[in-house]
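Student: with the input below, show me the fold.
(one chain, ligands or ions: 2)
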Amino acid sequence: MNIFEALRTSHTTQRSLADNLIKTSGDSKERDLLFKELKAELSAHAAAEERFFYVPLIAHDMTQEPARHGIAEHHEMDELVEKLEKTELSSPAWIAIAKELHHKVYHHLEDEEQGIFQLAGKVLTEAEKLSLAKDYEGEFLSQRVKA
Ligand SMILES: [Fe+2]
Ligand SMILES: [Fe+2]
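Tutor: Residues are numbered from 1 along each chain as shown. Ligands and ions are numbered 1, 2, ... in the order given. Okay, the predicted model is just below:
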């Protein structure tokens, strides 16, 4: 498995959790559980991806700016997650913010898969693509059990 395949595994999980989250209603167990799952998945993925994908990309001119942009989008998603935590599950505002988060997650993953991945494919060596995948996976799993 290379780094792109490793990252895509979590992207698939994020899309499906975000899709299911915006189908929930009111103060339900389902909404609560899906939100906790999505929050844990986003946070573990962002931490491991920043360390073993974005940081190495910042070292290359061609990927420095897109990597910084990707990290900034992680912060924007964090802020929406925090906003959801401060909002009552039963409030109509909750689903509006959840839809905003859904939109941002989709946009970010699209940016990564269609933009940054192509550039990273050019600057990383084949050996790096494999070793970063292993490092990413280890970090992702350790972050995921903590959450
Ligand atoms: Fe990602
Ligand atoms: Fe990301």
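
Student: show me what counts as buried in stretch 99-110.
Tutor: 101-102, 104-105, 108-109 (16 or more other C-beta atoms under 10 Å). No exception for glycine: its C-beta is placed from N, CA and C like everyone else's.

Student: out of those, the closest to ligand 1 would be?
Tutor: residue 109 (6.2 Å; C-beta to the ion).

Student: in what helix or strand does the closest one lie?
Tutor: Counting by DSSP states H and E, the element that carries residue 109 is helix 92-111.

Student: against which helices or strands is that helix packed?
Tutor: helix 3-21, helix 61-85 (3 or more C-beta pairs under 8 Å, 6 or more residues apart in numbering; DSSP states H and E).

Student: is the residue nearest to residue 81 when sequence neighbours are not counted within a helix or a strand, and which one?
Tutor: Of all residues not flanking residue 81 in the chain, residue 39 sits nearest, at 5.4 Å (C-beta to C-beta, 6 or more residues apart in numbering). Using DSSP H and E, residue 39 maps to helix 29-49.

Student: list of residues touching that helix?
Tutor: Contacts to helix 29-49, defined as C-beta atoms under 8 Å, 6 or more residues apart in numbering, come from residues 7, 10, 13-14, 17-18, 20-21, 24-25, 74, 77-78, 81, 84, 89, 98, 105, 136-137, 139-140, 143-144, 146-147.

Student: using CSV, list the CA coordinates for that helix.
Tutor: Written as CSV, here are the backbone C-alpha positions of helix 29-49 (Å, rounded to 0.1, in the frame of the first residue of the first chain):
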residue,chain,number,x,y,z
LYS,A,29,-28.5,8.2,20.1
GLU,A,30,-27.6,7.7,16.4
ARG,A,31,-26.7,11.4,15.9
ASP,A,32,-24.6,11.3,19.1
LEU,A,33,-22.7,8.2,18.1
LEU,A,34,-22.1,9.2,14.4
PHE,A,35,-20.9,12.6,15.5
LYS,A,36,-18.4,11.0,18.0
GLU,A,37,-17.2,8.6,15.3
LEU,A,38,-16.8,11.3,12.7
LYS,A,39,-15.0,13.6,15.2
ALA,A,40,-12.5,10.7,16.1
GLU,A,41,-12.0,9.8,12.5
LEU,A,42,-11.3,13.4,11.4
SER,A,43,-9.0,14.1,14.2
ALA,A,44,-6.9,10.9,14.0
HIS,A,45,-6.6,11.3,10.2
ALA,A,46,-5.7,15.0,10.3
ALA,A,47,-3.0,14.4,12.9
ALA,A,48,-1.4,11.5,11.1
GLU,A,49,-1.8,13.1,7.7
